[in-house]
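1. Need coordinates for the following:
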Amino acid sequence: MNELPYKPPNDELAAEIVNALVKAGLVDRSRVEKAQNRIATGTMKNEDWRLLLDPKRPKRGRSTDNA
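-> Modelled structure (predicted):
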């Protein structure tokens, strides 16, 4: 008998979220593995979301301007 492995609801929801973000073109599939785990465990921080959705955005406290 071939039973599917049990996947906790948090993991299933995180996979759905990640797939939707990739499908919408908001993130690249290669960048979401670590984020998917953080989404599932509830440890994704505000800055993590910003960096995931806009990887070219400078980190807080750093300026790209020379002025």
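2. Sketch out the low-pLDDT regions of this structure for me.
-> 1-2, 55-67 (pLDDT under 70).
3. If we use 50, what do you get?
-> The chain contains residues with pLDDT under 50 at 62-67.
4. and the longest helix for it?
-> helix 9-23 (DSSP state H).
5. Give the other helices and strands that the next helix-or-strand element following it contacts.
-> Sequence-wise, the next helix or strand downstream of helix 9-23 (DSSP states H and E) is helix 33-41. Under the contact definition 3 or more C-beta pairs under 8 Å, 6 or more residues apart in numbering; DSSP states H and E, helix 33-41 sits against helix 9-23, helix 46-53. Backbone N, C-alpha and C define where each C-beta goes, glycine included.
6. so which of the ones you listed gets nearest residue 36?
-> Judged by C-beta to C-beta, the one of these that comes nearest to residue 36 is helix 9-23, at 4.7 Å.
7. and the closest one, which residues are buried?
-> 14, 17-18, 21 (16 or more other C-beta atoms under 10 Å).
8. before we move on, the earlier item: for the helices and strands packed on helix 33-41, which one sits closest to residue 34?
-> helix 46-53 (9.0 Å).
9. Would you mind giving the orientation angle of that closest one with respect to helix 9-23?
-> Orientation check (axes from the mean of the first three to the mean of the last three C-alpha atoms, to 10 degrees): helix 46-53 against helix 9-23 gives 40 degrees.
10. elements contacting helix 46-53?
-> Secondary elements touching helix 46-53 (3+ C-beta pairs under 8 Å, 6+ apart): helix 33-41.
11. Since that was my last question, I'll sign off now.
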